[in-house]
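**Q** Fold the following, please.
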Amino acid sequence: MPKFLLKRWHGSHMIWLFGLLLVLILVLFYYMWVIGAIALVICCILGYMTISSEKAFRQDLNEYAATLSHRVKKAGSDVVANLPIGMLLYNEDKVVEWHNPFVAKMAGRDSIIGEPLHEVIPSLKAKKDKETKLEITIGKQVYYVQVKPDERLMYFFDITEVKSLRERYEEEKLAIGIVMMDNLEEATQGMDDQTRSIMMAKVTGEITEWSTKYGLYLRRTASDRYLILLDQRALKQLEQSRFELLDEVRDITIQNKLPMTLSVGIASGADTLPELGIWAQTSLDMALGRGGDQVAVKVGERLSFYGGRSNAVEKRTRVRARVISHAMRDLIRDSDKVVIMGHRVADMDSLGAAIGVLKAAHVSNKEGYIVLEGVNPSIQRLMETITEDEKLNRWFITPEQALQITTRHSLAVVVDTHRASMVPEPRVLQQTNRIFVVDHHRRSEDFLHEATLVYMEPYASSTCELVTELLQYFHDRLTMGVLEATALLAGIVVDTKSFSLRTGARTFEAASFLRRSGADSSLIQRFLKEDLESYIQKSEMVKNVNVIYEHIALAITEPGRKYSQLLIAQVADTLITMTGIMASFVISERPDGQIGISARSLGQMNVQIVMEHMGGGGHLTNAATQLEGVTVYEAAERLKHILSEIHDKEGLFE
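**A** I've put the predicted structure just below:
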C-alpha cells in the first residue's frame, strides 16, 4: 500500500480521536478545570499533528497522480508502437497524418506521413467513402485492411500465414474418382487369352502411368474399375490437361475392331466421405449415361464434362433389355393405370415409343393413356391415321386430363426424354411415386433422379428401338397391330435417316421384329411425305448458309421469318450431307416466338456439348436447343462465341 494512503489512514483516525477529546475536555472543565486545561493542551497538539498529516497526504497524492499519469502515457505509447496491427490516420484530403511503426515497416520506409493515401495503397482508389474491408498484397505479405471513414482511421492485420493455411487447406481437400473401362466386354469379345492379356496390360500400364504423373492414389477394385484418391491441386491439373488419358487409351487400342474407351466420375466438395462417394458414383453414371468415353467432374454445385468424342458403343448382350422388360412388366401390373408422356412438340420417335408402351399396358390388362399436347407437322399424317383407328385414338388425352386421372398408384412412363421440364405436364410426375424413363439421349444434369426404373442407352438409334426390344421380352405371345408396329418402325426410320446414321446390329434386329409384326413400309413413306411448300422453305433457308472453321455450315434465317422445328432440323440434316461439311447449325425463329437451333455432325465434332452450353442437349451427332428473349443474330453470336472457346481450348474436330 502506498505511504500516502497509510498517512491518510492515520489522519482520519486522528480526527475521530480529536473530536472525542473535545467532548471529554468539556466534561472535565465542568468538574475539574485543571485536568481540563491539561487535556486542552494535549488536544491542541493532536490538532496540529492532524493538520500536518493532512497536508502530507495531499502532497503525496499529487506526486503519485503525476507519476501514474506519466506511466500510463508511457505504457500507451509503448503499446501503440509495438501493436501487432497497423494503425493509420488520414485527413480530409486523404493524406496520411499519422501511423504507428507497424505501417512504416509494412511500407518498407521510415515514414509515409504527408503522402497521399491512394499512392500508398492503390487498392483503395476504386473504393467509395464508406466502411470497407479488403485484402491487399505488399511484397510477399498479405494484409487485411479495415477502413473507418468516419474516424478517418485504418487498421492493418497481417494475414499472410492465415491465407497460406487457407489456400493449403483448399488445395488439399479430398476428391474421389472412379475410372471404368466402359466397353471391356465388347472390346475383348472374340479375342484369345493372350491378345486380351496384352491389351489389358497396355491399358492398365497407361492408367498407372497417368496416376503417377499427377500424384493420384490408384486402387483396382474390379477387372474393369479403379478407385482414385486425389486433392484439389491434382484435380485442377487434370482439368487443365482435359484428361488426356481418354485419348491415350483409345489411341493404343485403335487397332482393335472396337477401341477401348474409359469413363471417369470425380466428385469433390461434399461435407462427408459417404456423400462424396455417392457423388463420385453419380458422376460416373452421368458419364456412362452420356455414352461413355468421357469424364464427369462434380465440384459442389458445378458439373463439368470432358471428352465425349466417341459415339456410344452398342451393347451386344440383351441381358439388360430382358431385365428391364421384366421390371417394367411388374411395375405395370402393380399400378392402377399407365400415363405415358413424350417430350413437348412430339416427333415420330416420341409418339411411336409411347404407342409401344401403350401396347405393353394393354397386354397387362391395364388402362394406358398417351398425353399429347398439340400436333406438329412431323406427326400430322400419323395422327390423322390414328384418329381413324377408334381402338387406338381413344387412349390419347390432354395434359389437363392426365392431371385429373393420375393417382399415387399410377405409373408415369416418360419416353424420348429424361427431363421433367420437357414433358407436356410436369405436375403429373409429382402426383405419383412411380416413374419409368426410356430414352436414347445422352444424360444431362437435370435428370429425373426420382425415377423408379430407368432404361437409358445412348448407343441406341432411337427410343422406338429400345421400346421394341422391351416388347420382345415383355410377353411370349405378344402380337401387335399394323399401325402400332408401323408407328414404332417409323420412329426408327426418322431418327436413323432411313438407316444411314447411328445404326447397329440391334437396330436392324428391332426393325426386323417390327416387320414380322406387320409394320407397313409403304405406310411409313406416306407418313413422311414432304409437301412442295416445305421444300421451297428449306431451299430458302439453305440459301443463307455460311461456312466457318472450314467445315461447319451455319445457316441463319432472316429476322421475322418463322419456320417449324421440323424444318429447322431437316435443313440441318441436308447441310451435313454436303461435301466437306463435318457439322451443321441452323438458327431460326419458330412459330411460338422462340429461337430454335438444330445441330448435326458426322461424329468428328460433339455437337451435344455445344448445345449444352446453350441450354439444350442431345447426342454427339444430333442435338438442339431453344432460346427465349433473343434474336436470331444474338443467338448466332452466342453460338459463334461458344465455338470459338471450344476451338481455342481443345479444338472443334477430333
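**Q** So, low pLDDT: which residues of the stretch 401-550 of the chain?
**A** Scanning the stretch 401-550 of the chain for pLDDT under 70 picks out no residues.
**Q** hey, where'd the strands end up in it?
**A** 411-415, 435-439, 453-456, 545-548 (DSSP state E, counting those that start in this stretch).
**Q** List the strands paired with the third one, with their directions.
**A** This points to strand 453-456. The pairing partners recorded for strand 453-456 under DSSP bridges are strand 435-439 (parallel).
**Q** What of the last one?
**A** Based on DSSP bridges, the strands next to strand 545-548 in the sheet, each with its direction, are strand 552-556 (antiparallel).
**Q** Alpha carbons of the partner strand, in PDB - could you do that?
**A** Extracted C-alpha coordinates of strand 552-556, given in PDB (Å, rounded to 0.1, in the frame of the first residue of the first chain):
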ATOM      1  CA  ILE A 552     -19.000 -26.000 -90.200                       C
ATOM      2  CA  ALA A 553     -22.100 -24.900 -92.100                       C
ATOM      3  CA  LEU A 554     -24.000 -22.200 -90.300                       C
ATOM      4  CA  ALA A 555     -27.500 -21.100 -91.600                       C
ATOM      5  CA  ILE A 556     -29.200 -18.100 -90.100                       C
END
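**Q** for the chain, what helix or strand is lowest in average pLDDT?
**A** Every helix and strand of the chain was ranked by mean pLDDT, DSSP states H and E. The lowest is helix 3-31, at a mean of 59.
**Q** which helices and strands sit right next to the strand or helix carrying Met200?
**A** Assigned by DSSP states H and E, Met200 belongs to helix 193-213. Using 3 or more Cβ pairs under 8 Å, 6 or more residues apart in numbering; DSSP states H and E, the elements in contact with helix 193-213 are helix 184-188, strand 217-222, helix 245-252. Glycine gets a C-beta too; all of them are placed from N, C-alpha and C.
**Q** between the ones you listed, which gets nearest to Lys55?
**A** Lys55 lies closest, by Cβ to Cβ, to one member of the helices and strands packed on helix 193-213: strand 217-222, at 85.7 Å.
**Q** quick check: mean pLDDT across the closest one?
**A** Across strand 217-222, the average pLDDT comes to 93.
**Q** in its sheet, what does whichever helix or strand comes after it sit against?
**A** Using DSSP H and E, the next helix or strand after strand 217-222 towards the C-terminus is strand 225-231. Strands adjacent to strand 225-231 in the sheet, as given by DSSP bridges, are strand 174-181 (antiparallel), strand 217-222 (antiparallel).
**Q** I'd like the mean pLDDT over strand 225-231, please.
**A** 94.
**Q** Just want the angle from it to helix 193-213.
**A** For strand 225-231 against helix 193-213, the angle by axes from the mean of the first three to the mean of the last three Cα atoms, to 10 degrees is 10 degrees.
**Q** buried sites along strand 225-231?
**A** For strand 225-231, the neighbour count (16 or more other Cβ atoms under 10 Å) marks 226-228, 230-231 as buried.
**Q** what does stretch 519-537 give?
**A** Buried residues in stretch 519-537, counting neighbours by 16+ other Cβ under 10 Å, are found at 519-520, 523-524, 527, 534, 537.
**Q** can you give me the helices in the stretch 301-450 of the chain?
**A** Applying DSSP state H, counting those that start in this stretch to the stretch 301-450 of the chain gives helices spanning 319-333, 348-363, 380-388, 390-393, 399-405, 427-430.
**Q** So which of the ones you listed is nearest Val547?
**A** Taking Cβ to Cβ, helix 348-363 is the member of these nearest to Val547, at 29.9 Å.
**Q** Convert the C-alpha atoms of that closest one to CSV, please.
**A** Listed next in CSV are the C-alpha coordinates belonging to helix 348-363 (Å, rounded to 0.1, in the frame of the first residue of the first chain):
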residue,chain,number,x,y,z
MET,A,348,-42.2,-39.6,-84.7
ASP,A,349,-39.8,-41.3,-82.3
SER,A,350,-41.6,-39.9,-79.2
LEU,A,351,-45.0,-40.8,-80.4
GLY,A,352,-44.0,-44.3,-81.7
ALA,A,353,-42.3,-45.2,-78.4
ALA,A,354,-45.4,-44.0,-76.5
ILE,A,355,-47.6,-46.3,-78.6
GLY,A,356,-45.3,-49.2,-77.9
VAL,A,357,-45.5,-48.7,-74.1
LEU,A,358,-49.3,-48.3,-74.5
LYS,A,359,-49.3,-51.8,-76.1
ALA,A,360,-47.4,-53.2,-73.1
ALA,A,361,-50.0,-51.7,-70.7
HIS,A,362,-53.0,-53.2,-72.6
VAL,A,363,-51.3,-56.6,-72.8
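**Q** list the helices and strands it packs on?
**A** Helices and strands touching helix 348-363, by 3+ Cβ pairs under 8 Å, 6+ apart, are helix 319-333, strand 337-341, strand 367-371, helix 380-388, strand 411-415, helix 463-474, helix 482-495.
**Q** now it: mean pLDDT?
**A** Averaging pLDDT along helix 348-363 yields 94.
**Q** so what's Ala353 up against?
**A** Contact partners of Ala353, counting by Cβ atoms under 8 Å, 6 or more residues apart in numbering, are 342, 415-416, 438, 462-464, 466-467, 488, 491.
**Q** try 10 Å
**A** With contact taken as Cβ atoms under 10 Å, 6 or more residues apart in numbering, Ala353 is in contact with 340, 342, 346, 413-416, 438-440, 462-468, 470, 487-488, 491-492.
**Q** One more: Val371?
**A** Each residue near Val371 by Cβ under 10 Å, 6+ apart is listed here: 339-342, 346, 354, 396-403, 406, 412, 423-425, 428.
**Q** 6 Å instead?
**A** Each residue near Val371 by Cβ atoms under 6 Å, 6 or more residues apart in numbering is listed here: 341, 399, 402, 424.
**Q** Could you measure from the closest residue to Met422 other than its chain neighbours over to His619?
**A** Using Cβ to Cβ, 6 or more residues apart in numbering and skipping the chain neighbours, the partner closest in space to Met422 is His343 (4.4 Å). For His343, the distance to His619 (Cβ to Cβ, to the nearest Å) stands at 14 Å.
**Q** Leu89 now?
**A** 67 Å.
**Q** swap in Thr496?
**A** The gap separating Thr496 from His619 is 12 Å, by Cβ to Cβ.
**Q** rewinding a little: give me the subset of the buried residues of stretch 519-537 lying in helices.
**A** 523-524, 527, 534, 537 (DSSP state H).
**Q** re the thing from before, of all the helices and strands packed on helix 348-363, which one is nearest Gly300?
**A** strand 411-415 (28.3 Å).
**Q** And the pLDDT for the nearest residue to Leu566 once chain neighbours are set aside?
**A** Counting by Cβ to Cβ, 6+ apart, Ser378 is the residue found nearest to Leu566 once chain neighbours are left out, at 4.3 Å. Ser378 carries a pLDDT value of 80.
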